[in-house]
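>>> Here is a sequence with its predicted model. Questions after.
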Amino acid sequence: MNKIIFVIVFIFLIKVSYANVIINEIMADPIDDEDLNEWLEIYNNGSIAVNVSGWLIGGDNDNKSIEGGLYNGEGTIIPSNGFAIITDDETRVYNNFNVSDGAIRLYLNGSTITENGLKNDGGDTIYLYDNNKNLIDKVTYNSTTEDLSWAFVNGSFFLSSPTSGFNNNGSILAEGGCDFQVEFILASDVFENSSAFNFKVRVSKVKGTTTNVTAKASIKDLFGTLIKEYSPFTNESITRQQTSAEFTPNLDEGKSYEMNANITTQCTDSSPDNNFDTRIITIKGAPLPKESSLQDLGTDKKAKFGQIIRVRANVYKGDTAKNSVVLWIEDNKGGRLSKESRISMPEKFTSNSFTVPIQIKPNCNNEFDDDEYTIRIEGLDAEDEEEIEVEGIDTTICREIKVEAKAKTTSSKSFNYEIIEMPESINAGEKFEVIVRLDNNQDVGIPIKIWSYVYRGSKSYSGDREENKKEFLLKARISDIVELSNIVPAAEDGDYKLKVVINKDSQKTNNEITEDIKITNKKTGLKNKSDANKNGNLEKNKITQNAIKNAVSYESSTEKAKELILISLMVLSVILNVILIWRR
């Protein structure tokens, strides 16, 4: 007898627990394809979990069996106070609605929830049966409004903003109001290396109607310095949910960063607290070394005496208070074949690549032998070197010349600039280069815009005046070399002007350098500027005036020999003429 009572009580408790599962929300009229985007929500408001496997749900004319496991193998057990979403087996609901990650995902075998889908006009009645075909719940709803759901709130159903898998409290539509939220989509908060880090930004509607949304995102280091900025959405019309394209920042490794996202909505957002999302992420990678390093001295390993070569050096500054790096060329006894070129690295734990000009001594008096020499770089408690073969003399710099004014240089305590190479004359239709050096002596970077053009009067003969404009950030405490390419398509022979314009930090007044230049069919040398290698190697680039000493430079032995031969021929010719006249 006691066993029979126990079985009756157990069955009663099961029915009580089943009775706690209710139809909680109905989306009958989605904006997108209805067959693929209709859904029902059921809710277990009991104290124990309920398995709804084999339960039936449907309308007046048909019922379909509830199944689970299609999405991530979550099964059909709804925990206490848990939600479950019921869709058809080809659903797009999880792509187009903001469904709670905690909701159990159930489906029905078929392309629609009921025989012909959930009705819009005139409403419909939905029935929920357990696996013994006992009626668990029944809901009748009236005509629907597109993109609004019928939600169970305080014992009654109301038209509301969809809250699939979330509590319905507060979802009842307030006219003119809305609630949108933003969140980062990240695989993790800690990434092994920079290439593994990517993210998306998702905007979801909590309640309300379609509105236009603008989303911004940024990445800063932990000191508040801005690293990256993004605009995932700009005045984008969002009905329910939209996810941005994937962003893949190339961040430095061994550091942590703060990510921030925010949205503004065209409608009046009733919950501005969820208009923001902040994450702290870490890119692990290899730990940054404390020691500095100097390496990869780029060169083609050949040069002539008197040339200016360009050396590319990769510099890493570790944990040192020293700032300067010095480059020069020396022989095997430590004798200097060039002056020092200096660069500055003020920030710790940073890497930079520099191209540094080095002037080789002209050797007009044959003081140095053709030989192997060494490019040395020292500083930041590190050093490196590279061999270079120097042979031959650039004869254009070993001729007697008059002292002329130095290249125009404009300087200040914080910012210097000068033309270090330009042609004295150009041919129409041929490209030519103007090379400018910029020195930033400040502790912060300077935004630079620089361009050049050839003109006479008010007319530019090299096209648009800003046609070759370059924009970049001149880093703190460094010198940089800028090459500006120009071409004069057609012009008459004559005297013209070359102007280099430098705009610093978007100031209203530009810095300018103006030089004379000729357009002619004759090719000449360079106008009292440094000899620079246009291809980043050590190729010959002739200059006309350099290596000046006591107002007169030295003449090579080859040139002297040529002059002696010419004088000898002239003297011999005179003697022969005298002999012929005497014989007559």
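Looks like it arrived, so ask away. Residues are numbered from 1 along each chain as shown.

>>> average pLDDT for stretch 328-338?
Stretch 328-338 shows a mean pLDDT of 85.

>>> what does stretch 343-355 give?
Average pLDDT, stretch 343-355: 78.

>>> The nearest residue to residue 472 once chain neighbours are set aside bridge partners, please.
Leaving aside its sequence neighbours, residue 472 sits nearest to residue 448 (CB to CB, 6 or more residues apart in numbering; 5.7 Å). (Each C-beta comes from the backbone N, C-alpha and C, glycine too.) With beta bridges defined as DSSP bridges, residue 448 has these partners: residue 472, residue 504.

>>> Per-residue pLDDT of residue 448, please?
Looking at residue 448, its pLDDT is 93.

>>> So it versus residue 194, what's the distance?
Distance of residue 448 to residue 194, computed by CB to CB, to the nearest Å: 28 Å.

>>> Likewise for residue 277?
According to CB to CB, residue 277 stands 22 Å off from residue 194.

>>> What segments of the stretch 451-584 of the chain are strands?
Along the stretch 451-584 of the chain, the segments classed as strands by DSSP state E, counting those that start in this stretch run 459-460, 470-474, 478-487, 494-504, 511-519.

>>> looking at those strands, which is closest to residue 159?
Distance to residue 159, taken as CB to CB, is lowest for strand 470-474 among the strands of the stretch 451-584 of the chain, at 54.1 Å.

>>> what does the closest one contact?
Residues from elsewhere that reach strand 470-474 (CB atoms under 8 Å, 6 or more residues apart in numbering): 438, 440, 445-451, 480, 482, 484.

>>> now swap in stretch 248-257 and tell me
Here stretch 248-257 makes contact (CB under 8 Å, 6+ apart) with 193-194, 197-198, 219-222, 227-228, 280-288.

>>> For ChimeraX, write a command that selects the buried ones of those residues.
Buried members of the contacts of stretch 248-257, defined by 16 or more other CB atoms under 10 Å, are picked up in ChimeraX with:
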select :194,197,219,281,283,284,285,288
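
>>> Let me know the secondary structure of the residue sitting nearest the centre point of the chain.
Residue closest to the average C-alpha location in the chain (CA atoms, centre = their mean): residue 249, at 6.3 Å. At residue 249, secondary structure determined by DSSP: H, G, I helix; E, B strand; the rest coil is coil.

>>> for residue 36, same thing?
Going by three-state DSSP: residue 36 is helix.

>>> how close does the closest residue to it other than its chain neighbours sit to residue 37?
Computed as CB to CB, 6+ apart, the closest residue to residue 36 that is not its neighbour in sequence is residue 92, at 4.4 Å. From residue 92 across to residue 37, the span is 6 Å (CB to CB).

>>> who has more neighbours, those two?
residue 37 (20 against 15; other CB atoms under 10 Å).

>>> per-residue pLDDT, the more buried one?
87.

>>> Let me see the contact set for it.
Taking CB under 8 Å, 6+ apart as the criterion, residue 37 is in contact with 27, 30-31, 91-93, 96-97.

>>> Pick out the shakiest of the strands of the stretch 451-584 of the chain, pLDDT-wise.
strand 478-487 (a mean of 86).

>>> Other residues contacting it?
Residues outside strand 478-487 that contact it (CB under 8 Å, 6+ apart): 310, 343-344, 352, 354-355, 357, 420, 429-440, 450-454, 462-463, 468, 470, 474, 498, 500, 532, 534.

>>> of these, buried ones?
In the contacts of strand 478-487, burial by neighbour count holds for 310, 343-344, 352, 354-355, 357, 420, 432, 434-440, 450-454, 462, 468, 474, 498, 500, 532, counting by 16+ other CB under 10 Å.

>>> OK, contacts around residue 426?
With contacts defined as CB under 8 Å, 6+ apart, residue 426 is in contact with 432, 454, 488, 517-520.

>>> Can you report how many residues neighbour the nearest residue to residue 284 once chain neighbours are set aside?
Closest residue to residue 284 apart from its sequence neighbours, by CB to CB, 6+ apart: residue 192 at 5.4 Å. By other CB under 10 Å, 12 other residues sit near residue 192.

>>> Which pLDDT value belongs to residue 192?
The model's pLDDT for residue 192 equals 87.

>>> Around residue 108, how many other residues sit close by?
Going by other CB under 10 Å, the residues that sit close to residue 108 add up to 22.

>>> Tell me which helix or strand the closest residue to it other than its chain neighbours sits in.
In this structure, residue 108 finds its nearest non-sequential neighbour in residue 64, 4.2 Å apart by CB to CB, 6+ apart. Following DSSP states H and E, one finds residue 64 within strand 63-68.

>>> follow-up on the earlier one: show me what contacts the residue nearest to residue 36?
Counting by CB under 8 Å, 6+ apart, residue 92 has contacts 32-33, 36-37.
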